[in-house]
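S.K.: need a structure here:
(2 chains)
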Protein chains: 2
Amino acid sequence: MCTQTSTTRSIFSPLSGMALKDELDIVIPTIRNLDFLEMWRPFFQPYHLIVVQDGDPNKVIKVPEGFDYELYNRNDINRILGPKASCISYKDSACRCFGYMMSKKKYIYTIDDDCFVAKDPSGKDINALEQHIKNLLTPSTPHFFNTLYDPYREGADFVRGYPFSLREGVPTAISHGLWLNIPDYDAPTQLVKPSERNTRYVDAVMTIPKGTVFPMCGMNLAFNRELIGPAMYFGLMGDGQPIGRYDDMWAGWCCKVITDHLGYGVKTGLPYIWHSKASNPFVNLKKEYKGIFWQEDIIPFFQGVKLPADCTTVEQCYIELSKQVREKLSSVDPYFGKLADAMVTWIEAWTEVNSSK
Amino acid sequence: MCTQTSTTRSIFSPLSGMALKDELDIVIPTIRNLDFLEMWRPFFQPYHLIVVQDGDPNKVIKVPEGFDYELYNRNDINRILGPKASCISYKDSACRCFGYMMSKKKYIYTIDDDCFVAKDPSGKDINALEQHIKNLLTPSTPHFFNTLYDPYREGADFVRGYPFSLREGVPTAISHGLWLNIPDYDAPTQLVKPSERNTRYVDAVMTIPKGTVFPMCGMNLAFNRELIGPAMYFGLMGDGQPIGRYDDMWAGWCCKVITDHLGYGVKTGLPYIWHSKASNPFVNLKKEYKGIFWQEDIIPFFQGVKLPADCTTVEQCYIELSKQVREKLSSVDPYFGKLADAMVTWIEAWTEVNSSK
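M.R.: Below you'll find the predicted structure:
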């Protein structure tokens, strides 16, 4: 692990970007130099970065000057977790969840290194992190639908007919941001619509209702590590696995049933980032194609998951979920038995790393 | 009933406003001259209007020249329905549902007479009806959440992780539009925030997930009468009733559980209308206050409603729902027994009027 502390931090810290400065880590999985951080400097520089280097551990990843970061490569992961490192994916951005485990902060923001600062309709640079923090620090409303979107935003409120007993909302565990330019499409849709770009800026944040599972994308995602961290496992993907590009989906399905069970909320919508480059649809198809079959069974499974009332911590919920995955999804493919094992290993590793802190 | 056919229709019909011209009626409840239609002329004139006159039947309501309309006052309602007219509210805009019953068309758009044409962020007049028609003619996606909103809009699609088996969607039964300027707040919120205005144009249409009940506002609402018409009953409100301003809420709760059961979808979002004037919050509080208590029981009731599999028509579902209302909500207030009776009367009246057509 290599660490470096910024000396120039104070120069670049706009007040707006300082919220939760000591309570939030930014986790970035990468295989290349982090030049993309230059564009984010005004917004990210006050924060601590956790870089998870994927692929060849001997490659040197350059982080632009002035950022405060720690970096882990595969050797670090193996050294820190020992045999339990088997639960961390290799050659897949799913490795990012190792950063969630290592963080000592309450909040995590994770972003892909091909994501840049987007502009709002007025042409102003969007401070994605600031919006995520707003989303996480205001409650969610999973128990009833508000037609005017997030009732806690300035200029908005609960509409007529919204029960007063529900207006305090529940703590927000996850803030799922969106993407301008390259939308997060699967390989078949990429192949069919190679030139489709997302140009629609939807000025809304909303709570995903209780009981509704959703496709969570890890490209631009923030969460409260204390509320949901141990469920933010990105699964077994990439090298040696039959599947890729379902890491964030897996985490999203698991997190949603657990937040529903524990009474937390998930928001989606703002902020947007600018997703610069579509990944290769042929490569993606190879990674995804089993998932495209499997999700037809996985999603009904998650829509039907019931967690027992005596599961009162995220860890308990997650272990229970791993049992149900083994029991109900192993018939889809033996992979799910391995994944259920890895889910247990992940919780063991999380507990070990976090209790020793 | 008085009818009048437009002679000037063709002059004012922009092509964009002609969709479903012979398949859609516009239903307007009112107690005053319909001067507000002047502003809507470019959009509404091609369509047939059904005006439901509330209050004193001897008052003459003026409809601007050139509109094709039929008008019903209380005398007409009593004459047409006989004793069954008891299910139609008096001195409350809930009376509008009589217009839904009398229509011979497949689609209904209903709008309040204090709603004007809103402008989109580019300053262009919004053709609300055109957007509702788009919403109704494209499928809904209640079985899984799409983070990029309506996947059938131009420039949008299903995101990665959306099951392919669900991408055909389901028929859309209801399109719920929103309001710029005066938001649809209850009396307590109006009292606390008298000067709050909705200025946020959210450029989105979305499906309300299956299993999620929502607060439906009748101000700017379109629906497929063939799919859901008999459930679009606005209840017993106003004169002689202990409650007002819950007419559309009641219809919305009933419609949502029935669309969920029958496999149809409900969309909310665009289009916006300009809601010109807040109603008096003190008057509203008097109408609403029982509802503010009652909704704390009503909403959990609707969230838990299960309809038996052998209810395969809207009418069957609605009669079954009336039984459950009587059984489960009569303990909240005897009013719900009366309302359950009225629900049955409404279905009888609907069946009578519509089978004789």
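S.K.: Quick check: residues of the stretch 1-150 of chain A near chain B?
M.R.: For the stretch 1-150 of chain A, the contact set with chain B under Cβ under 8 Å from any Cβ of the partner chain comprises A:121, A:144-149. For glycine as for every other residue, the C-beta is placed from the backbone atoms N, C-alpha and C.
S.K.: Now with 6 Å, please.
M.R.: Those residues of the stretch 1-150 of chain A that sit near chain B, judged by Cβ under 6 Å from any Cβ of the partner chain, are A:145, A:147.
S.K.: by contact count, what packs against the helix or strand harbouring A:D76?
M.R.: Secondary-structure element containing A:D76, defined by DSSP states H and E: helix A:74-81. Here helix A:74-81 touches no other helix or strand, going by 3 or more Cβ pairs under 6 Å, 6 or more residues apart in numbering or on different chains; DSSP states H and E.
S.K.: 8 Å instead, please
M.R.: Packing partners of helix A:74-81 (3 or more Cβ pairs under 8 Å, 6 or more residues apart in numbering or on different chains; DSSP states H and E): helix A:335-355.
S.K.: Give me the contact list for the helix it packs on.
M.R.: Identification of contacts with helix A:335-355 by Cβ atoms under 8 Å, 6 or more residues apart in numbering or on different chains yields A:80-81, A:84-87, A:97, A:101-102, A:229-230, A:233, A:235-236, A:241-243, A:250, A:290, A:315, A:318-319, A:321-323, A:325-326, A:329-330.
S.K.: buried set for the helix holding A:D76?
M.R.: Neighbour-count burial for helix A:74-81 flags A:74, A:76-78, A:80-81 (criterion: 16 or more other Cβ atoms under 10 Å in any protein chain shown).
S.K.: ok, and for stretch A:273-293, which residues are buried?
M.R.: Taking 16+ other Cβ under 10 Å as the basis for neighbour counts, the residues of stretch A:273-293 that come out buried are A:273-275, A:278, A:281, A:284-285, A:287-288, A:290-292.
S.K.: And stretch A:126-146, by the same measure?
M.R.: Of the residues in stretch A:126-146, those with enough neighbours to count as buried (16+ other Cβ under 10 Å) are A:126-136, A:138-146.
S.K.: Kindly report the same for stretch A:343-355.
M.R.: Of all the residues in stretch A:343-355, those buried under the rule 16+ other Cβ under 10 Å are A:343, A:345-347, A:349-350, A:353.
S.K.: Poorly predicted segments of the stretch 51-200 of chain A, please.
M.R.: Residues of the stretch 51-200 of chain A that meet the criterion pLDDT under 70 are absent altogether.
S.K.: Contacts only, for the closest residue to chain B within it.
M.R.: Among residues of the stretch 51-200 of chain A, the one nearest chain B by Cβ to the nearest Cβ turns out to be A:G161. It sits 3.2 Å away. When contacts are counted by Cβ under 8 Å, 6+ apart, A:G161 touches B:186, B:215-217, B:246, B:249, B:252, B:295.
S.K.: again, but for A:N198
M.R.: Neighbouring residues of A:N198 by Cβ under 8 Å, 6+ apart: A:178-183, B:148, B:155-156.
S.K.: Which of the residues you listed sits closest to B:Q190?
M.R.: Checking those against B:Q190 with Cβ to Cβ, the nearest one is A:L178 at 32.5 Å.
S.K.: Run a quick neighbour tally on the closest one.
M.R.: Each residue near A:L178 was counted by other Cβ atoms under 10 Å in any protein chain shown, and the total is 27.
S.K.: isn't it right next to A:T268, touching?
M.R.: Yes - look at A:L178 against A:T268 with Cβ atoms under 8 Å: they come within range, at 7.4 Å.
S.K.: overlap in contacts of those two?
M.R.: Common neighbours of A:L178 and A:T268, counting by Cβ under 8 Å, 6+ apart, are B:T147.
S.K.: Check the stretch 201-350 of chain A for the residue nearest chain B and tell me.
M.R.: When distances are taken as Cβ to the nearest Cβ, the stretch 201-350 of chain A reaches nearest to chain B at A:P215, 3.3 Å away.
S.K.: Find me whatever residue is spatially closest to that residue, sequence neighbours aside.
M.R.: In this structure, A:P215 finds its nearest non-sequential neighbour in B:G161, 3.3 Å apart by Cβ to Cβ, 6 or more residues apart in numbering or on different chains.
S.K.: sec struct for the one you found, please.
M.R.: Three states are possible here, and by DSSP: H, G, I helix; E, B strand; the rest coil the one that applies to B:G161 is coil.
S.K.: before we move on, back to that, mark which of the buried residues of stretch A:273-293 are part of strands, please.
M.R.: When strands are assigned by DSSP state E, the members of these inside them are A:273-275.
S.K.: Which ones, among the residues you listed, also lie beside chain B?
M.R.: When Cβ under 8 Å from any Cβ is taken as the criterion, no member of these contacts chain B.
S.K.: Tell me the one of the residues you listed nearest A:L307?
M.R.: A:I273 (32.6 Å).
S.K.: For the stretch 151-300 of chain A, just list every one of the helices.
M.R.: A:187-192, A:225-228, A:247-262, A:281-304 (DSSP state H, counting those that start in this stretch).
S.K.: swap in the stretch 1-150 of chain A?
M.R.: Taking DSSP H, counting those that start in this stretch as the criterion, the stretch 1-150 of chain A carries its helices at A:9-12, A:37-44, A:74-81, A:97-102, A:128-137.
S.K.: now the ones you listed in CSV, with distance to A:P300?
M.R.: Formatted as CSV, these follow (distance: least, Cβ to Cβ, whole Å):
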stretch, distance to A:P300
helix A:9-12, 48
helix A:37-44, 39
helix A:74-81, 33
helix A:97-102, 25
helix A:128-137, 29
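S.K.: Among these, which comes closest to A:E168?
M.R.: Ranking those by proximity to A:E168 (Cβ to Cβ) places helix A:128-137 first, at 14.4 Å.
S.K.: helices or strands up against that closest one?
M.R.: Packed against helix A:128-137 by the contact rule (3+ Cβ pairs under 8 Å, 6+ apart) you find strand A:24-30, helix A:37-44, strand A:107-111, strand A:172-181, strand A:220-224, strand A:265-275.
S.K.: so which of these gets nearest B:Q303?
M.R.: Nearest of the helices and strands packed on helix A:128-137 (Cβ to Cβ): strand A:265-275, 16.6 Å.
S.K.: Show me how far the closest one is from its chain's centre.
M.R.: Mean-position distance between strand A:265-275 and its chain equals 11 Å (Cα atoms, centre = their mean, to the nearest Å).
S.K.: Can you give the strand pairings for it, parallel or anti for each?
M.R.: Pairing partners of strand A:265-275, with direction, according to DSSP bridges: strand A:115-116 (antiparallel), strand A:172-181 (parallel), strand A:205-207 (antiparallel).
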